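Peer 1: Task: produce atomic coordinates for the following.
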Amino acid sequence: MTFRKDLLISPSLPKLDLCRNKVRSLLKKSGEHNPCAFTQAAACYIELSSEYFYLLGFTSVDSRLEQIRATFLRCWQYAPYIRRVSDFERFLQIQLERLPASPSEEPSEESRSRMNDLDHTQRFLLVARNYQNWSYRALHLATRIKKSEIAHALTKLKCALIGFEADRLTDSEWELLLQVNDLIEGELKTREVRAIEKAIAKHPLLLKFKADWLQFRCDLAEIKDQMLIESEKVAQFKESLAGALNSVPIKQPRLRDALINQISFTRIPRA
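Peer 2: Residues are numbered from 1 along each chain as shown. Next up, the predicted model:
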C-alpha cells in the first residue's frame, strides 16, 4: 500500500511543479526590475506563505495577507540576487524564519498545540512537504538540511506532531522508523513497501506511529480548509502587490556576490 498527500493539496492556487520553468524565467525578469514578472512568480508562493503564517498564529485572512505582502516586498528588494527558483525559495525561507509567532486567534486543541510548539524549520517542512508536496531536493535547497538528513527531519517532525516518543526505540527500531517515514511519504517502490510492512508487523510501537500519523493527516486536511483564501481576495492582493513594488528600491549585488551566486546561492542578503 502506498501513501500520497493529495488530500492535503488544494486546487485553489497555481502549483509550482506545473510551471517551474516559467517561474525561473519570471524571476530572471524580476532581477531586471520587472514588477509584473515578480508578482506572477511570487503568486506561486501565496498559498505556501499563507499556510506558514496561519501556523504561526495569523489565522485571519487579512493579517496573513499583510504578512505575505511585507515578506514579498522584502524579497523584491533583493530580486537581482535571485537567479533560480531554488534561490527564491531559500530567500523566502530565510525571511519566514525571522518572523515571530503571533498569539493565535483560535482556541488550541491538542493537535494544534503541538503544531504551535514546532520550531521554524519543522513548521516550514510541514507546509512545504505536506501541504505543497515539495520534493526532498527542494526541501534541501531551501532549508540547507543535508539531503541524507531530510528523511530524519521529516520523521522527527511526525513524532513531534503526534506525540510519539521516539527515544523509547532501539537503534534498529529507529532505522526501521525512518523506513516507515519513506513508506508514508511515497518514496519507496512497491517491493520495498511490502518488505517494510512485513518488518513492522512485529513492532507494535511502529504500527502505532504509522496509524497515529495517518489519523493526524485528517487533522491536517481540516486545518488546510481553514487556511484557504478566496480567489477574489488573492486577485486583489496580486493587483495591490504589483502596484506597491514600484515604490520599493532595488538593491544590486556586488559583482563578486553575483558571480558566486551563479554557482551556489550562498551570498544571501541580510535584509
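
Peer 1: what's the spacing between Cys75 and Asp212?
Peer 2: 37 Å (CB to CB, to the nearest Å). For every residue, glycine as well, the C-beta is placed using N, CA and C.

Peer 1: And these two? Which one has more around it.
Peer 2: Cys75 (21 against 16; other CB atoms under 10 Å).

Peer 1: buried residues in the one helix or strand that one maps to?
Peer 2: Here Cys75 sits within helix 61-77, counting by DSSP states H and E. Buried positions in helix 61-77, judged by neighbour count with 16 or more other CB atoms under 10 Å: 61, 64-65, 67-69, 71-77.

Peer 1: So for it, mean pLDDT?
Peer 2: For helix 61-77, mean pLDDT rounds to 96.

Peer 1: Could you tell me the angle between the helix or strand following that helix and helix 61-77?
Peer 2: For helix 61-77, the following helix or strand on the C-terminal side (DSSP H and E) is helix 85-97. For helix 85-97 against helix 61-77, the angle by axes from the mean of the first three to the mean of the last three CA atoms, to 10 degrees is 130 degrees.

Peer 1: Please renumber the chain so that the first residue is 28 from this point on.
Peer 2: Done: numbering now begins at 28, and the last item shifts to helix 112-124.

Peer 1: quick one: buried residues of helix 112-124?
Peer 2: So helix 112-124, judged by 16+ other CB under 10 Å, has buried residues Val112, Ser113, Asp114, Phe115, Glu116, Arg117, Phe118, Leu119, Gln120, Ile121, Gln122, Leu123.

Peer 1: from the middle of its chain, how far away would it be?
Peer 2: Distance, stretch centre to chain centre, for helix 112-124: 10 Å (CA atoms, centre = their mean, to the nearest Å).

Peer 1: what's the answer for stretch 261-271, then?
Peer 2: That offset, for stretch 261-271, works out to 22 Å (CA atoms, centre = their mean).

Peer 1: Who are the packing partners of the helix holding Cys102?
Peer 2: helix 62-70, helix 73-82, helix 112-124, helix 258-272 (3 or more CB pairs under 8 Å, 6 or more residues apart in numbering; DSSP states H and E).

Peer 1: What would the last one look like as CSV? C-alpha coordinates only.
Peer 2: What that stands for is helix 258-272. Presented in CSV, the C-alpha positions along helix 258-272 are these (Å, rounded to 0.1, in the frame of the first residue of the first chain):
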residue,chain,number,x,y,z
SER,A,258,-9.7,33.6,-5.2
GLU,A,259,-11.2,37.2,-5.3
LYS,A,260,-9.0,38.2,-2.3
VAL,A,261,-6.0,36.6,-4.0
ALA,A,262,-6.6,38.6,-7.2
GLN,A,263,-7.0,41.8,-5.2
PHE,A,264,-3.8,41.1,-3.3
LYS,A,265,-1.8,40.5,-6.5
GLU,A,266,-3.0,43.7,-8.0
SER,A,267,-2.1,45.6,-4.9
LEU,A,268,1.3,44.0,-4.7
ALA,A,269,2.2,44.8,-8.3
GLY,A,270,1.4,48.5,-7.6
ALA,A,271,3.4,48.6,-4.4
LEU,A,272,6.6,47.1,-6.0
